[in-house]
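Visitor: sharing a sequence plus its predicted fold:
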2 protein chains.
Amino acid sequence: MRIVVLAGGIGGARFLRGLKAAEPQADITVVGNTGDDIHLFGLKVCPDLDTVMYTLGEGINEEQGWGRREETWSIREEMGKYGVEPTWFGLGDRDYATHIVRTQMMSAGYGLSAVTEALCARWQPGVRLIPMSDDRVETHVVVDDPDRPGTRKAIHFQEYWVKLRAEPTAHAIVAVGIEEAKPAPGVLAAIAEADVILFPPSNPVVSIGTILGVPGIRDALVEASAPVVGLSPIVGGAPVRGMADKVLEAVGVETSALAVAKHYGPGLLDGWLVDTADAASVPGVEEAGIPCRAVPLMMTDVEATAAMARAALDLAAEVRAEAGA
Amino acid sequence: MRIVVLAGGIGGARFLRGLKAAEPQADITVVGNTGDDIHLFGLKVCPDLDTVMYTLGEGINEEQGWGRREETWSIREEMGKYGVEPTWFGLGDRDYATHIVRTQMMSAGYGLSAVTEALCARWQPGVRLIPMSDDRVETHVVVDDPDRPGTRKAIHFQEYWVKLRAEPTAHAIVAVGIEEAKPAPGVLAAIAEADVILFPPSNPVVSIGTILGVPGIRDALVEASAPVVGLSPIVGGAPVRGMADKVLEAVGVETSALAVAKHYGPGLLDGWLVDTADAASVPGVEEAGIPCRAVPLMMTDVEATAAMARAALDLAAEVRAEAGA
């Protein structure tokens, strides 16, 4: 079974671990979000790709969900002593090694997808990990400028998310460079050849939404013969993890499993899973033209996550059978 | 008193510590060798400048003489796991921070001298540290090519020195780029305004020799009103530290205190200190036209090194008095 998964960071990575447990023989291609990539200290940092790579390669810091296990922090300490900004983005020494290797390869002319493949040769994540694009796309968030009342400014997504903890009102989300971005080599082919396409419970705006914004990817998903099944990242009116409500508001979408399903829309989604806590929203989603089931959607451990993945694959099989009938 | 010191790495750094102890009020400008700079993993590494900066800034690993104290080695471990070469050059995590900051500043357009000044703002070495040049100069060593018998190849000085431990015969030393290099801002002025100029017991070929090779620096030293006094790095026919004999051979100079004095020459040197073990060579040096004294030249501790510095300053004062008389 060929499965394509669109993934953000922590949510996507943990879902993939469950999916691999549920379908160890599946041929899984992961299209990773690169909109939250950032250049720090002259190095190219890809938080979402790395979270997927480290998580599936058994190198992740399990407690925090990002970064490396057995990490040391000498460089961060030195940067502080040199007075170099920013200090709010947590890069450990082991993590730095990844960014140094990546940056050096990219300076030598390799594209991000080739570099990601090279890094994965070490990590052996058990999936094919492809960035959504080899072109630079950077998600910026429009917020009020506290220094100039009455005016707004765009800041890097990481500054909004990590430094400001999503506290300022997000007026708009802008993926800078996305209009000119091309899907990375292999992305469109993987989508076209997939048996199932899954949207994990990742952020619908700044993770999945950014991937969908790369010209060509949404169309490929719509035209794909494989069913597209998503899992709601919103449970009981709140994001399971992270601060998705803040960015949903910016794009005018209510923080509910139903609203997110409608935001993706029936043209894109062929199935939607909501948590049992949101069972009441199933009829509304189906009314919108999207087959829907309510199952437990809390990724408490690999077992629970594998059950979620199985439920998504079951719904996909059902949808496909319907279509074939 | 304005003192200019031409310095390589460990020898220069340790001498400077003694000089500062001997003359705490002196205004010391250090012209640092950058010929052994190397780009590793896309980062600009300046071993000699850093050894001076860390040593005088109390950040050096005293036992090894280079690198940082309280160092961690996570990145090196990761590089090994990524299979990235070279693994023979020892860069610790704290040291990496320096190279990352330097590389980022240089990418932003700052010259090496401006970057060095910025790094020194943290380290407060108590001297003004200037690279010999802001232009890229790389010392290469011509050796036999083991893969193609009968032919020779040029390898980076660090590969020869650190990886191969100076074992292959060095047929020639080539400072690539030196003909086009200009002295860094401030170097010529410091030399012209100096009261004393000192050559510490650094490598006469790949440290002091490289600095002297930057067009304009040798002439400035010859024309300077200040006396130029050197300390022999050769004691009893062997280098005190390192493998200076290997590179002396490549330039056709015998490994002796006398031969090194003659190599610099009376046009450049106004005074030369040899170790008491080499007292017998004093007449020969003086016969060559260079005032010479024999004093203990082993930098066993700061006290002993301060005494060496004092002896050099005394000889400079003597020479100056002679000239004035």
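Guide: Structure received.
Visitor: wait, doesn't A:Pro168 sit right on A:Asp145?
Guide: No: in this structure, A:Pro168 is not within contact of A:Asp145 by Cβ atoms under 8 Å, at 9.7 Å. For every residue, glycine as well, the C-beta is placed using N, CA and C.
Visitor: ok, those two, which is more surrounded?
Guide: Taking other Cβ atoms under 10 Å in any protein chain shown, A:Pro168 and A:Asp145 do not tie; A:Pro168 has more neighbours (17 against 14).
Visitor: for the more buried one, which non-adjacent residue is closest in space?
Guide: Spatial nearest neighbour of A:Pro168, excluding adjacent residues (Cβ to Cβ, 6 or more residues apart in numbering or on different chains): A:Val143 at 4.1 Å.
Visitor: then the lengthiest helix in chain A to CSV, C-alphas only?
Guide: If you go by DSSP state H, chain A has its longest helix at helix A:302-324. Extracted in CSV, the C-alpha atoms of helix A:302-324 (Å, rounded to 0.1, in the frame of the first residue of the first chain):
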residue,chain,number,x,y,z
VAL,A,302,1.9,4.6,19.8
GLU,A,303,-0.9,2.1,20.3
ALA,A,304,-3.6,4.8,20.4
THR,A,305,-2.0,6.5,17.5
ALA,A,306,-1.9,3.3,15.5
ALA,A,307,-5.6,2.8,16.1
MET,A,308,-6.2,6.3,14.7
ALA,A,309,-4.2,5.5,11.6
ARG,A,310,-6.1,2.3,11.2
ALA,A,311,-9.4,4.2,11.5
ALA,A,312,-8.2,6.6,8.8
LEU,A,313,-7.2,3.7,6.5
ASP,A,314,-10.5,2.0,7.2
LEU,A,315,-12.4,5.2,6.2
ALA,A,316,-10.3,5.5,3.1
ALA,A,317,-11.1,1.9,2.1
GLU,A,318,-14.8,2.5,2.7
VAL,A,319,-14.8,5.6,0.6
ARG,A,320,-12.9,3.8,-2.2
ALA,A,321,-15.4,0.9,-2.1
GLU,A,322,-18.3,3.4,-2.3
ALA,A,323,-16.7,5.1,-5.2
GLY,A,324,-16.1,1.8,-6.9
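Visitor: what does it contact?
Guide: For helix A:302-324, the surrounding residues in contact (Cβ atoms under 8 Å, 6 or more residues apart in numbering or on different chains) are A:1, A:3, A:14-15, A:17-19, A:21-23, A:196, A:198, A:226-227, A:229, A:231, A:270-271, A:273, A:291, A:293, A:295-299.
Visitor: now do the helices in the stretch 101-250 of chain A.
Guide: Under the criterion DSSP state H, counting those that start in this stretch, the stretch 101-250 of chain A contains helices at A:112-123, A:157-158, A:187-193, A:208-213, A:217-223, A:244-250.
Visitor: rank those by pLDDT, which is bottom?
Guide: Lowest mean pLDDT of the helices of the stretch 101-250 of chain A: helix A:244-250, a mean of 88.
Visitor: by proximity to chain B, which residue of the stretch 151-300 of chain A wins?
Guide: Nearest residue of the stretch 151-300 of chain A to chain B: A:His156, at 16.7 Å (Cβ to the nearest Cβ).
Visitor: what's the answer for the stretch 101-250 of chain A, then?
Guide: Closest point on the stretch 101-250 of chain A to chain B, by Cβ to the nearest Cβ, is A:Gln104, at 3.8 Å.
Visitor: so A:Thr72 is in which element?
Guide: In the assignment (DSSP states H and E), A:Thr72 maps to no helix and no strand.
Visitor: state the distance from it to chain B.
Guide: 5 Å (Cβ to the nearest Cβ, to the nearest Å).
Visitor: where does the stretch 151-300 of chain A have low pLDDT?
Guide: For the stretch 151-300 of chain A, applying pLDDT under 70 flags no range at all.
Visitor: how long is stretch A:144-152 end to end?
Guide: 4 Å (Cα to Cα, to the nearest Å).
Visitor: not counting its own residues, what contacts it?
Guide: Stretch A:144-152 has contacts (Cβ under 8 Å, 6+ apart) with A:142-143, A:153, A:168-169, A:171.
Visitor: try 6 Å this time
Guide: Contacting residues not belonging to stretch A:144-152 are listed as A:142, A:153 [Cβ atoms under 6 Å, 6 or more residues apart in numbering or on different chains].
Visitor: tell me which residues of it are tucked away?
Guide: With burial defined by 16 or more other Cβ atoms under 10 Å in any protein chain shown, not one residue of stretch A:144-152 is counted as buried.
Visitor: wait, doesn't the residue of the stretch 101-250 of chain A closest to chain B sit right on B:Leu40?
Guide: No: with contacts defined as Cβ atoms under 6 Å, A:Gln104 does not count as touching B:Leu40, sitting 9.2 Å away.
Visitor: returning to that earlier point: residues touching the residue of the stretch 101-250 of chain A closest to chain B, list them.
Guide: A:Gln104 is in contact with B:41-42, counting by Cβ under 6 Å, 6+ apart.
Visitor: distance from the chain centre to stretch A:165-180, please.
Guide: Relative to its parent chain, stretch A:165-180 has a centroid offset of 15 Å by Cα atoms, centre = their mean, to the nearest Å.
Visitor: swap that for stretch A:273-281, sorry
Guide: A distance of 22 Å separates the centroid of the chain from that of stretch A:273-281, by Cα atoms, centre = their mean.
Visitor: now the terminal residues of it, how far apart.
Guide: 10 Å.
Visitor: and stretch A:270-279, by the same measure?
Guide: Note: stretch A:270-279 ends 18 Å apart using Cα to Cα.
Visitor: what comes up buried for that stretch?
Guide: Using 16+ other Cβ under 10 Å as the test for burial, stretch A:270-279 gives A:270-275, A:278.
Visitor: and if you look at stretch A:32-46?
Guide: Under the neighbour-count criterion of 16+ other Cβ under 10 Å, stretch A:32-46 has A:32-38, A:40-46 buried.
Visitor: ok, A:Val196 - contacts?
Guide: Counted by Cβ under 6 Å, 6+ apart, A:Val196 has contacts A:3, A:226, A:316.
Visitor: the first one: neighbouring residues, count only.
Guide: The one in question is A:Ile3. Neighbours of A:Ile3 under the rule other Cβ under 10 Å: 25.
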